[in-house]
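> Sequence first, predicted model second:
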Amino acid sequence: MDLQPIAYSESTTADRPWLASRHGLDTPLTVTLDVALFTSGTHYRPSSLLQPRKTFLAGIPLGRVTATGLYGPWDKAVTDGRANFTGVLLSEVPFAPTSTRAGAALLWHGVIAVAHIPGGLNPADIAQSTAQIHFI
């Protein structure tokens, strides 16, 4: 018998075309996402046979729900606190299909290329913000 061990490794590169500068990457905030507030296909990739986890897309604009302290997609039309733009999701976040919450990193300070934000974003629509984001 001839045994030949095989080693396998995989690496990925963060897909963040919206990130226009490395400025602010050293100061993200740890936040908790409320999975129920997000939409499959818009805010996250659904699970599949090859990938059993769902994955939030990096760059999603976020707002904080006042009552719970959890974060959801920024929406200027809602009255639950998410009309206050707090920043964007810094990196992709995988989560189990049955999860109700997911830990994430919030980029609240930096430079963002608006044209590449998933789902789009018009900085003129941001009336309230606690973020220190420069849009280009």
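Yep, it's here. Numbering: from 1, shown residues only.
> Any regions of the protein where pLDDT drops low?
Residues of the chain meeting the criterion pLDDT under 70: 1-4, 6-13.
> Which residue ranges of it form strands?
For the chain, the strands defined by DSSP state E occupy 29-34, 44-45, 54-56, 61-64, 71-73, 84-89, 93-95, 101-107, 109-112, 128-129, 132-135.
> what's the closest of the ones you listed to Pro5?
For Pro5, the closest of the strands of the chain is strand 93-95, at 28.3 Å, according to Cβ to Cβ. Using the backbone N, CA and C atoms, a C-beta is placed for each residue, glycine as well.
> Excluding chain neighbours, what is closest to the spatially most central residue of the chain?
Computing the C-alpha centroid of the chain and ranking residues by Cα atoms, centre = their mean puts Leu89 first, at 2.8 Å. Computed as Cβ to Cβ, 6 or more residues apart in numbering, the closest residue to Leu89 that is not its neighbour in sequence is Ile60, at 4.4 Å.
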